[in-house]
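[1] sequence? don't have it. structure:
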């Protein structure tokens, strides 16, 4: 009996990871940029909700402190990469199950479940505190890179290009990734 090749990892990417990539596109210094580069190299299948793309573009242009640091050309380059390598998930309509402290984040979990991904990659503390919902692991970019490295080290199915795109060590964590995280507790009813 022949063994089936390992299935490529699938992950939903949050807008905050895209914005972090726009702020620092050097994968040696930015875990978010390393995640995008790994997707571009085929190390995993990226799913990006249309809402997340819209949010990243809107926030990059509308917040003065971001607009001063993010050029329109950088936004266009990222959109080209996403258009080439990401599955863009259409917006969700209808009721979305409430799972996090911030109802505005629930669509990401719903998108990850609908797309059948294993991971949701985000820097959002409300989501990270959930850790896992409906079989979707919610991780920050540094933790996701560690998963990709582990896959790379155990798999012969990872292409040489994808293997090279996954840094051998995680870039320095973003300050938000260093905070102690308390587990999410649902409100008492």
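    Arrived safely. Here the structure is a predicted model, which is why all the values come from computation and not from measurement. Numbers count the residues shown, from 1 in each chain.
[2] phi first, then psi, for residue 79.
    phi -60, psi -40 (degrees, to the nearest 10).
[3] equivalent analysis for residue 86, please.
    Backbone torsions of residue 86, given as degrees, to the nearest 10, read phi -100, psi 150.
[4] that one and residue 39 touch, don't they?
    Yes: if you go by CB atoms under 8 Å, residue 86 and residue 39 touch, sitting 6.6 Å apart. The C-beta positions use only the backbone N, C-alpha and C, and glycine is treated the same way.
[5] show me where this protein has its helices.
    With DSSP state H, the ranges of helices along the chain come out as 15-23, 31-40, 50-62, 64-67, 72-85, 106-115, 125-128, 141-154, 160-165, 175-178.
[6] reformat these as JSON lines; add mean pLDDT, distance to residue 93 and mean neighbour count.
    Below are the helices of the chain laid out as JSON lines (pLDDT from 0 to 100; distance: least, CB to CB, whole Å; neighbours: other CB atoms under 10 Å):
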{"stretch": "helix 15-23", "mean pLDDT": "96", "distance to residue 93": "19", "mean neighbour count": "23"}
{"stretch": "helix 31-40", "mean pLDDT": "96", "distance to residue 93": "26", "mean neighbour count": "25"}
{"stretch": "helix 50-62", "mean pLDDT": "95", "distance to residue 93": "11", "mean neighbour count": "17"}
{"stretch": "helix 64-67", "mean pLDDT": "92", "distance to residue 93": "29", "mean neighbour count": "11"}
{"stretch": "helix 72-85", "mean pLDDT": "95", "distance to residue 93": "22", "mean neighbour count": "14"}
{"stretch": "helix 106-115", "mean pLDDT": "96", "distance to residue 93": "10", "mean neighbour count": "22"}
{"stretch": "helix 125-128", "mean pLDDT": "96", "distance to residue 93": "21", "mean neighbour count": "20"}
{"stretch": "helix 141-154", "mean pLDDT": "85", "distance to residue 93": "28", "mean neighbour count": "19"}
{"stretch": "helix 160-165", "mean pLDDT": "51", "distance to residue 93": "34", "mean neighbour count": "16"}
{"stretch": "helix 175-178", "mean pLDDT": "46", "distance to residue 93": "31", "mean neighbour count": "12"}
